[in-house]
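In: need coordinates for the below:
(one chain, ligands or ions: 1)
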Amino acid sequence: MALDTKINYQHMEKVRMLEFAELGDERGSLIVAEGGQDVPFEIKRVFYILGSDSTVVRGQHANRRTEFVLINVAGSSKVKVKDGEGNEVIYCLNKPNTGIYLPTMVWKEMYDFSPDSVLLCLASEHYDGTEYIRDFDEYVKEIKACTQA
Ligand code: TYD
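Out: Model (predicted):
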């Protein structure tokens, strides 16, 4: 575990916004996000979050193995990313042709959902509840363990 985490750790600086091609014409918009190209991993899982209101905070976890790209295909939301060492960054997702890339082992919270928010989530791995860290203290402990290793 410590070794895997060490390999995967580092990665607040890997968090970044991605922009996808808009191939719109008079019939409307068509936005493309290809796995392994626009999205920096092969996509194994897709899920989407809707019906969360402005009081809800989702996420609140880190993933040991899964990378994500989050895209507000409608409406808007915010994503707070923490690195377990006291740094945090907030991103606003409000355009269907942009998304945030989240590497492994960052803490993430999604919140401030607009009423029409549809948050599309692309994941690099199939769902496995055991690779989620849902306790922030445990997350900080794992980050500390790998930075001290
Ligand atoms: P959760 O991870 O708490 O959602 P969020 O990060 O958006 O707050 O997931 C809610 C429930 O859905 C939880 O019981 C796990 C389950 N789930 C799956 O079975 N498969 C999935 O791909 C995801 C994302 C969640």
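In: not counting its neighbours along the chain, what's nearest residue 89?
Out: Among residues not flanking residue 89 along the chain, residue 81 sits closest, at 5.1 Å (CB to CB, 6 or more residues apart in numbering). Every C-beta, even on glycine, is put in place using the N, C-alpha and C of the backbone.
In: bridging residues for that neighbour?
Out: Assessed by DSSP bridges, residue 81 has beta-bridge partners residue 89, residue 108.
In: what is the neighbour count of it?
Out: 21 (other CB atoms under 10 Å).
In: surely it and residue 103 touch.
Out: No. If you go by CB atoms under 8 Å, residue 81 and residue 103 don't touch, sitting 9.8 Å apart.
In: list the contacts for the residue nearest to residue 89?
Out: 12, 15, 88, 89, 90, 91, 100, 102, 106, 107, 108 (CB atoms under 8 Å, 6 or more residues apart in numbering).
In: quick one: contacts for the last one?
Out: Put plainly, it is residue 108. Contacts of residue 108 by CB under 8 Å, 6+ apart are 59, 60, 61, 62, 68, 79, 80, 81, 82, 102.
In: filter those residues down to the ones in strands?
Out: 59, 60, 61, 62, 68, 79, 80, 81, 82, 102 (DSSP state E).
In: which of these are close to the ligand?
Out: On the criterion CB under 6 Å from any ligand atom, residue 59 are the entries of the ones in strands among the contacts of residue 108 that sit beside the ligand.
In: tell me the one among the ones in strands among the contacts of residue 108 nearest to the ligand.
Out: residue 59 (4.4 Å; CB to the nearest ligand atom).
In: contact partners for residue 60?
Out: 107, 108, 109, 134, 136.
In: show me which of these are buried.
Out: Applying 16 or more other CB atoms under 10 Å to the contacts of residue 60, the neighbour count classes 107, 108, 109 as buried.
In: may I have the single longest helix found in the chain as PDB, with CA atoms only?
Out: Longest helix in the chain by number of residues (criterion: DSSP state H): helix 136-148. C-alpha atoms of helix 136-148 as PDB (Å, rounded to 0.1, in the frame of the first residue of the first chain):
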ATOM      1  CA  PHE A 136     -10.100  12.600   5.900                       C
ATOM      2  CA  ASP A 137      -7.900  11.700   8.900                       C
ATOM      3  CA  GLU A 138      -7.100   8.400   7.300                       C
ATOM      4  CA  TYR A 139      -6.300  10.100   4.000                       C
ATOM      5  CA  VAL A 140      -3.900  12.500   5.700                       C
ATOM      6  CA  LYS A 141      -2.300   9.600   7.500                       C
ATOM      7  CA  GLU A 142      -1.700   7.800   4.100                       C
ATOM      8  CA  ILE A 143      -0.300  11.000   2.600                       C
ATOM      9  CA  LYS A 144       2.000  11.400   5.500                       C
ATOM     10  CA  ALA A 145       3.100   7.800   5.400                       C
ATOM     11  CA  CYS A 146       4.100   8.100   1.700                       C
ATOM     12  CA  THR A 147       5.800  11.500   2.000                       C
ATOM     13  CA  GLN A 148       7.900  10.100   5.000                       C
END
